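J.: next comes the sequence, and after it the predicted model I'd like to discuss.
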Amino acid sequence: MYVCLCSGITDQQIRDAIQAGDSDLKTLRKKLGLANSCGMCVSDAREILTAESDRLAEQAVMVEIVDAGQKAA
């Protein structure tokens with residue numbers, strides 16, 4: 001879905017940037033051109049940033065648990 005209509009930025013583009021290592025709104029604004037006009041997308045972008053960051057952190061913990069289990073076996 002489009003998050004930033006002014007710049008034509010989708011939620012997937014935001015998620016992809018976060019997965020590539022962009023971890024804050026300021027970086028997303030610079031990299032994607034997010035929220036450079038009206039700013040109506042900022043709250044949705046923050047929600048996506050938080051949710052995707054939490055998901056990636058949880059995924060990293062799961063990988064650590066699996067790795068620890070493999071080393072113990």
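T.: Good, I have the coordinates.

J.: what does stretch 29-37 contact?
T.: 3-4, 6-7, 9, 13-14, 17, 22, 25, 28, 41-42, 45 (Cβ atoms under 8 Å, 6 or more residues apart in numbering). C-beta here means a position set from N, CA and C on the backbone, and glycine is covered the same way.

J.: in that stretch, which residues are buried?
T.: Arg29, Leu32, Leu34, Ala35 (16 or more other Cβ atoms under 10 Å).

J.: and the first one, helix, strand or coil?
T.: The one in question is Arg29. Of the three states, Arg29 takes helix under DSSP: H, G, I helix; E, B strand; the rest coil.

J.: how about Val3?
T.: strand.

J.: setting aside sequence neighbours, what's the nearest residue to the spatially most central residue of the chain?
T.: Central residue of the chain (Cα atoms, centre = their mean): Ile18, 3.4 Å from the mean position. Nearest in space to Ile18, with sequence neighbours left out and distances taken as Cβ to Cβ, 6 or more residues apart in numbering, is Glu52 at 4.5 Å.

J.: what separates the nearest residue to Tyr2 once chain neighbours are set aside from Val63, distance-wise?
T.: Computed as Cβ to Cβ, 6+ apart, the closest residue to Tyr2 that is not its neighbour in sequence is Thr10, at 5.6 Å. Distance of Thr10 to Val63, given as Cβ to Cβ, to the nearest Å: 27 Å.

J.: which one of these two is surrounded by more residues?
T.: Thr10 (13 against 10; other Cβ atoms under 10 Å).

J.: end to end on stretch 2-10, go ahead and measure it.
T.: End-to-end distance of stretch 2-10 (Cα to Cα, to the nearest Å): 4 Å.

J.: got a list of contacts for it?
T.: If you take Cβ under 8 Å, 6+ apart as the criterion, stretch 2-10 is touched by 1, 11, 14, 32-38, 40-41, 44-45, 48.

J.: before I go, just wanted to say thanks for your time.
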